[in-house]
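Engineer: structure, please.
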Amino acid sequence: MSKVSLFDYEPHVAATSLSPDELVAEFVAPYVMSSNHLHRNASRHLLCWLDLHKIALADATNAALERFGKHRCRCPGFKATPNSPRQYMSVTRMFIHLLEQRGVIPSKNRNDISQYLGHYAAALAAKGYTPKTVRHMVFNARHFAYWTGNNGGWDHVNRDTIELFARHDCSCPRARSGALKHSAVACRRRDATTFVAHLVGQDVVASPPQHSKLDDRLVAYCHWLATARALSPRGIEDKLREVKRWYAKICGEEVTCSTEVLRSILFDQAHRSTGSIGRTMSTLRSFVRFLIAKGECPPDRLAALNVGPTIPAKQVPKYIDRETIELIIGSCDTSTRRGIRDRALIMLLARLGLRAGDIATLHLDDIDWDQGTIRVSGKSRRATRLPLPQDAGEAILAYIEHVRPTVPDRHLFLRMNAPHRSFARSSIVGWVVKKAIGRAGLTGIPTGSHVFRHSLATAMLREGSTLEAIGTVLRHRKPDTTAIYAKLDFNKLGEVAQPWIGGAAC
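Structural biologist: Numbering: from 1, shown residues only. Sure thing, here's the model as predicted:
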């Protein structure tokens, strides 16, 4: 089919006294150079069928089009369609839309959204989208506007409406033949959501109602985590996901927060890993503390969650040597925009031992260029000033001056693709590290961003730094957390090792 689509026809005032032949001529004018007569046949076939069934052109509704698409054709001169039925109906709807734009058929969509598409395209370009992406997103916006105008209008657009559009069996103009792929559904959903958000921001349509899936108690718990416990939005999301697993057992109908229920939740964790059990324990105690603070649970319930002393981790922390770290840093191609950003990010991991969450939440204002320091909030949002090494500072400065786009978002590191915004999750930092390790051609080494933290502590320990100094750099609250690195000082461990009783070790 030609690249000219239904969405390219702009509304304008036209005489409604045009004859059917004149309307058909205008419709097929963009396709006169094509050997395919699909547009001429489809438009003339529709007019013939309407005439045979005594249906006025102004009454060509969706129901009439459905009848036309399913009719057993005995129309004179139109016994066989030249293309697939899907394409045939797509072109037919294209002709109907042209008639609506010319005033021959009353428009089904009184709220003409097409006038806002130019502003929408400009807004997308301002956010950094490429011209090709802008054209694609604007086309999907036109598609959504057309579909919405024929399926209930803009008065009640919500998430369900967008989902129906994303999955509808399209006979709209330029419909793609074949089965609808998952990627196409996701693309429709994403672009329609972006367009609706733009219209809401311009006060063109009302904001879709937000249906909260949380009851009042869970909403209050999230607020308590943010205010009383100073958790980040990501931390609150993780806590809430864990709470939902056993929430009905504690706060279901006619259920009280009893000792038996709390203990049964702990006993049901035997099939899970040690880390998963630890997260459940931490979240369960947090939620019980919240219930106690709200007066919904007796204070003695917290005693039901007391367990025996924890056994310190036996494994030795994984680390990589300095030479390997420099290879990873060197794998970032500084002739590319992405390489400059990734190098600055990895330099902070390697030189300061920051966590992935620290990197993702860094802001431009956290860097004091005069004092040569950087402010890191950490897990509990307690800000700490750390000295910014010279090479890391130069890498960050190169990223800010030559790569980082000028956007309202004040986060230091942003996505490379539009829209330019902060990382949605801290796991993206680990993904950047994984890609750098792959580019360096390294295999058999630990992956993830936390290995730089372990490596920094190991290097400091072997260079003579005390555990207290390491704990200060890594911002550990408890000395026991830093003590795990004592296992890596093999020289000092060898000095205190006692000979095996009875001679050589077996």
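
Engineer: so what would you say the end-to-end distance of stretch 23-43 is?
Structural biologist: The stretch stretch 23-43 measures 9 Å between its terminal residues, going by Cα to Cα, to the nearest Å.

Engineer: repeat for stretch 72-87
Structural biologist: One end of stretch 72-87 sits 17 Å from the other (Cα to Cα).

Engineer: check stretch 288-305 too.
Structural biologist: First-to-last residue span, stretch 288-305, Cα to Cα: 9 Å.

Engineer: just the buried residues of that stretch, please?
Structural biologist: Going by neighbour count (16 or more other Cβ atoms under 10 Å), the buried part of stretch 288-305 is 288-292, 297, 301-302, 304-305. Any C-beta I mention is one placed from the backbone N, CA and C, and that applies to glycine too.

Engineer: in helices, which of the residues you listed fall?
Structural biologist: Secondary structure of these is defined by DSSP state H; positions in helices are 288-292.

Engineer: returning to that earlier point: nearest to Asp480 among the buried residues of stretch 288-305?
Structural biologist: Out of the buried residues of stretch 288-305, the one with the shortest distance to Asp480 is Leu305. That distance is 20.7 Å, counting by Cβ to Cβ.

Engineer: and Arg263, what helix or strand is that in?
Structural biologist: Secondary structure assignment for Arg263, by DSSP states H and E: helix 259-267.

Engineer: helices along the stretch 401-506 of the chain, start to end?
Structural biologist: If you assign secondary structure with DSSP state H, counting those that start in this stretch, the helices in the stretch 401-506 of the chain sit at 427-439, 450-462, 467-474, 479-483, 490-496.

Engineer: how about JSON lines for those helices, with mean pLDDT, distance to Leu262 and mean neighbour count added?
Structural biologist: JSON lines is the format used below for the helices of the stretch 401-506 of the chain (pLDDT from 0 to 100; distance: least, Cβ to Cβ, whole Å; neighbours: other Cβ atoms under 10 Å):
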{"stretch": "helix 427-439", "mean pLDDT": "91", "distance to Leu262": "31", "mean neighbour count": "18"}
{"stretch": "helix 450-462", "mean pLDDT": "87", "distance to Leu262": "32", "mean neighbour count": "21"}
{"stretch": "helix 467-474", "mean pLDDT": "83", "distance to Leu262": "34", "mean neighbour count": "17"}
{"stretch": "helix 479-483", "mean pLDDT": "77", "distance to Leu262": "26", "mean neighbour count": "14"}
{"stretch": "helix 490-496", "mean pLDDT": "53", "distance to Leu262": "41", "mean neighbour count": "9"}
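
Engineer: how about the contacts made by Phe68?
Structural biologist: The contact partners of Phe68, taken as Cβ atoms under 8 Å, 6 or more residues apart in numbering, are 46, 49-50, 92.

Engineer: report the two of those residues separated the most.
Structural biologist: Across those, no pair lies farther apart than Leu50 and Thr92, at 11.0 Å, counting by Cβ to Cβ.

Engineer: next, give phi and psi for His363.
Structural biologist: phi -110, psi 160 (degrees, to the nearest 10).

Engineer: what's the closest non-adjacent residue to it?
Structural biologist: Excluding its sequence neighbours, the residue lying closest to His363 (Cβ to Cβ, 6 or more residues apart in numbering) is Arg410, at 4.9 Å.

Engineer: ok, now which ones touch the one you found?
Structural biologist: Counting by Cβ under 8 Å, 6+ apart, Arg410 makes contact with 363-365.

Engineer: same question for Phe413.
Structural biologist: Applying Cβ under 8 Å, 6+ apart, one finds that Phe413 lies in contact with 341, 344-345, 359-360, 362, 422-423.

Engineer: put together JSON lines for those residues, with pLDDT, neighbour count and distance to Val403 on each row.
Structural biologist: As requested, the contacts of Phe413 are arranged in JSON lines below (pLDDT from 0 to 100; neighbours: other Cβ atoms under 10 Å; distance: Cβ to Cβ, whole Å):
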{"residue": "Arg341", "pLDDT": "95", "neighbour count": "25", "distance to Val403": "6"}
{"residue": "Ala344", "pLDDT": "95", "neighbour count": "25", "distance to Val403": "9"}
{"residue": "Leu345", "pLDDT": "95", "neighbour count": "29", "distance to Val403": "11"}
{"residue": "Ile359", "pLDDT": "91", "neighbour count": "25", "distance to Val403": "16"}
{"residue": "Ala360", "pLDDT": "89", "neighbour count": "23", "distance to Val403": "17"}
{"residue": "Leu362", "pLDDT": "92", "neighbour count": "23", "distance to Val403": "15"}
{"residue": "Ser422", "pLDDT": "87", "neighbour count": "17", "distance to Val403": "15"}
{"residue": "Phe423", "pLDDT": "87", "neighbour count": "20", "distance to Val403": "15"}
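
Engineer: in PDB, list the C-alpha atoms belonging to the helix holding Arg263.
Structural biologist: Once non-C-alpha atoms are left out, helix 259-267 reads as follows in PDB (Å, rounded to 0.1, in the frame of the first residue of the first chain):
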ATOM      1  CA  THR A 259       1.800 -14.800  67.800                       C
ATOM      2  CA  GLU A 260       0.900 -18.000  66.100                       C
ATOM      3  CA  VAL A 261       0.300 -16.300  62.700                       C
ATOM      4  CA  LEU A 262       3.700 -14.500  62.900                       C
ATOM      5  CA  ARG A 263       5.600 -17.700  63.800                       C
ATOM      6  CA  SER A 264       3.800 -19.600  61.000                       C
ATOM      7  CA  ILE A 265       5.000 -17.100  58.500                       C
ATOM      8  CA  LEU A 266       8.600 -17.700  59.600                       C
ATOM      9  CA  PHE A 267       8.200 -21.400  59.500                       C
END
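
Engineer: tally up the residues packed near His168, please.
Structural biologist: Under the neighbour criterion other Cβ atoms under 10 Å, His168 is assigned a count of 14.

Engineer: and the gap between it and Gly295?
Structural biologist: For His168, the distance to Gly295 under the criterion Cβ to Cβ, to the nearest Å works out to 50 Å.

Engineer: try His71
Structural biologist: Per Cβ to Cβ, His71 is found 70 Å from Gly295.

Engineer: one step back: could I get the ones in helices among the buried residues of stretch 288-305 as CSV with distance to Arg263 and pLDDT?
Structural biologist: Converted to CSV, these look like this (distance: Cβ to Cβ, whole Å; pLDDT from 0 to 100):
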residue, distance to Arg263, pLDDT
Val288, 12, 88
Arg289, 17, 89
Phe290, 19, 90
Leu291, 16, 88
Ile292, 17, 88
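
Engineer: ok, so of those residues, who is nearest Leu386?
Structural biologist: If you rank those by distance to Leu386 using Cβ to Cβ, Arg289 comes first, at 31.4 Å.

Engineer: contacts only, for Leu52.
Structural biologist: When contacts are counted by Cβ under 8 Å, 6+ apart, Leu52 is found next to Cys75.

Engineer: pLDDT below threshold where in the stretch 201-350 of the chain?
Structural biologist: Along the stretch 201-350 of the chain, the model assigns pLDDT under 70 to residues 209-213, 252-256, 307-316.

Engineer: for the stretch 201-350 of the chain, which segments count as helices?
Structural biologist: Across the stretch 201-350 of the chain, reading from the start of the chain, the helices by DSSP H, counting those that start in this stretch fall at 216-227, 233-251, 259-267, 274-293, 322-330, 337-352.

Engineer: just say which of these is most tucked in.
Structural biologist: Between these, the one whose residues have the most neighbours on average, counting mean count of other Cβ atoms under 10 Å, is helix 337-352 (a mean of 23).

Engineer: packing partners for that one?
Structural biologist: In terms of contact count using 3 or more Cβ pairs under 8 Å, 6 or more residues apart in numbering; DSSP states H and E, helix 337-352 is assigned the packing partners helix 322-330, helix 356-361, strand 373-376, helix 390-402, helix 427-439, helix 450-462.

Engineer: quick one: which of those is nearest Arg190?
Structural biologist: The nearest among those, by Cβ to Cβ, is helix 427-439 at 18.3 Å.

Engineer: output the closest one as CSV, nothing but the C-alphas.
Structural biologist: As requested, C-alpha coordinates have been extracted for helix 427-439 and formatted as CSV (Å, rounded to 0.1, in the frame of the first residue of the first chain):
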residue,chain,number,x,y,z
SER,A,427,20.1,-2.5,38.6
ILE,A,428,20.8,-0.5,35.4
VAL,A,429,24.2,0.3,37.0
GLY,A,430,25.0,-3.4,37.2
TRP,A,431,24.0,-3.7,33.6
VAL,A,432,26.5,-1.0,32.6
VAL,A,433,29.2,-2.8,34.5
LYS,A,434,28.3,-6.1,32.8
LYS,A,435,28.5,-4.6,29.4
ALA,A,436,31.9,-3.0,30.2
ILE,A,437,33.3,-6.4,31.4
GLY,A,438,32.1,-8.0,28.1
ARG,A,439,33.8,-5.3,26.1
